[in-house]
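> A predicted structure for the sequence below; I have some questions about it.
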Amino acid sequence: MANEECAHCGVLITEWSTVAKRDNKIFCCPNCANAHVSSERASAETATG
Ligand SMILES: [Zn+2]
């Protein structure tokens, strides 16, 4: 299995039991997945004003 990094915090994923996936991205844990999704939503709302 290839080494992957969390798409939110960038940590090298060595423990796959806690991995969460959103939008074909890999996150070290559900916390990072949720944070990434909510931050993208927030920035989109900011962009549309
Ligand atoms: Zn992470």
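All right, it came through fine. Numbering: from 1, shown residues only.

> show me the shaky parts of the chain.
1, 49 (pLDDT under 70).

> can you list the residues of it near the ion?
Proximity of the chain to the ion, by C-beta under 5 Å from the ion, involves residues 6, 8-9, 28, 32. Using the backbone N, CA and C atoms, a C-beta is placed for each residue, glycine as well.

> give me the subset of the residues you listed lying in helices.
Counting by DSSP state H, the part of the residues of the chain next to the ion found in helices is Cys32.

> which one among the residues of the chain next to the ion gets closest to Glu45?
When those are ranked by distance to Glu45 (C-beta to C-beta), His8 comes first, at 18.6 Å.

> now do the helices in this structure.
30-48.

> related to what we said a few turns ago, next, give me the two most distant ones among the residues of the chain next to the ion.
His8 and Cys28 (7.7 Å).

> just put the residues of the chain next to the ion in TSV and tack on neighbour count.
Putting the residues of the chain next to the ion into TSV (neighbours: other C-beta atoms under 10 Å) gives the following:
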residue	neighbour count
Cys6	19
His8	21
Cys9	13
Cys28	23
Cys32	22
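
> between the residues of the chain next to the ion, which sits nearest Val19?
Using C-beta to C-beta, the residues of the chain next to the ion come closest to Val19 at Cys28, 6.7 Å.

> quick one, phi psi at the closest one?
Here is the backbone geometry of Cys28 (degrees, to the nearest 10): phi -70, psi -30.

> burial of Phe27, as a residue count?
When neighbours are counted by other C-beta atoms under 10 Å, Phe27 registers 25.
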